[in-house]
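Participant: turn this into a structure:
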Amino acid sequence: MCSHNIIRDVDVRAFFLAAGFIRIDRSGKHFGSILNWMRDGDVPLPACTSDIEELHHEAKYYLCEELAHKCEVALQMRTGPSCQVPLLTSAREEQQLISNAKKPVVKLQVNRHNNKYSYTM
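Facilitator: Residues are numbered from 1 along each chain as shown. Predicted coordinates for the structure are as follows:
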């Protein structure tokens, strides 16, 4: 599960209070998942890639190596692009894309050539 030495000596972000409590100066967004991992040894990963990245960062901070590895595996499986938007420069390219498409095609047109505030690339 997690290392017993949760707070690292090099990067101490906890302050011991008088009553024996520890104040951890971290975001609480994924702390529930970290606690559940420490209790049960498993936790469902968030659906959003950015949330998995954040949980991965927190798992590394709290030295939960197995959870960090689970997040890394999930992130590696999501490395491919989910959507590609090609930029077409001619009518010929447009017709070729439409004729070769196996899924419906949505055409978005960007008309900036008459805009005096447009930036050229």
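Participant: show me where the chain has helices.
Facilitator: 31-40, 49-61, 65-77, 91-100 (DSSP state H).
Participant: among those, which is nearest residue 23?
Facilitator: Proximity to residue 23 (C-beta to C-beta) singles out helix 31-40 among the helices of the chain, at 12.8 Å. C-beta: built from backbone N, CA, C; applies to glycine.
Participant: who touches the closest one?
Facilitator: Helix 31-40 is contacted by residues 1-2, 43, 46, 55, 58-59, 62, 64, 67 when judged by C-beta atoms under 8 Å, 6 or more residues apart in numbering.
Participant: selecting buried members of the residues you listed in ChimeraX, what would you type?
Facilitator: This is how ChimeraX selects the buried members of the contacts of helix 31-40, with burial counted by 16 or more other C-beta atoms under 10 Å:
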select :2,43,46,55,58,59,62,64,67
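Participant: just put the contacts of helix 31-40 in TSV and tack on pLDDT and distance to residue 86.
Facilitator: Compiled in TSV, the contacts of helix 31-40 are given as follows (pLDDT from 0 to 100; distance: C-beta to C-beta, whole Å):
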residue	pLDDT	distance to residue 86
1	57	46
2	59	45
43	95	39
46	92	30
55	96	33
58	94	37
59	94	37
62	90	43
64	93	41
67	96	38
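Participant: closest one to residue 22 out of the contacts of helix 31-40, please.
Facilitator: residue 62 (12.3 Å).
Participant: and that closest one, its phi and psi?
Facilitator: With angles defined as degrees, to the nearest 10, residue 62 shows backbone torsions of phi -90, psi 10.
Participant: quickly note the distance from it to residue 30.
Facilitator: Between residue 62 and residue 30 the computed distance is 10 Å (C-beta to C-beta, to the nearest Å).
Participant: for residue 107, same thing?
Facilitator: In terms of C-beta to C-beta, residue 107 sits 40 Å off from residue 30.
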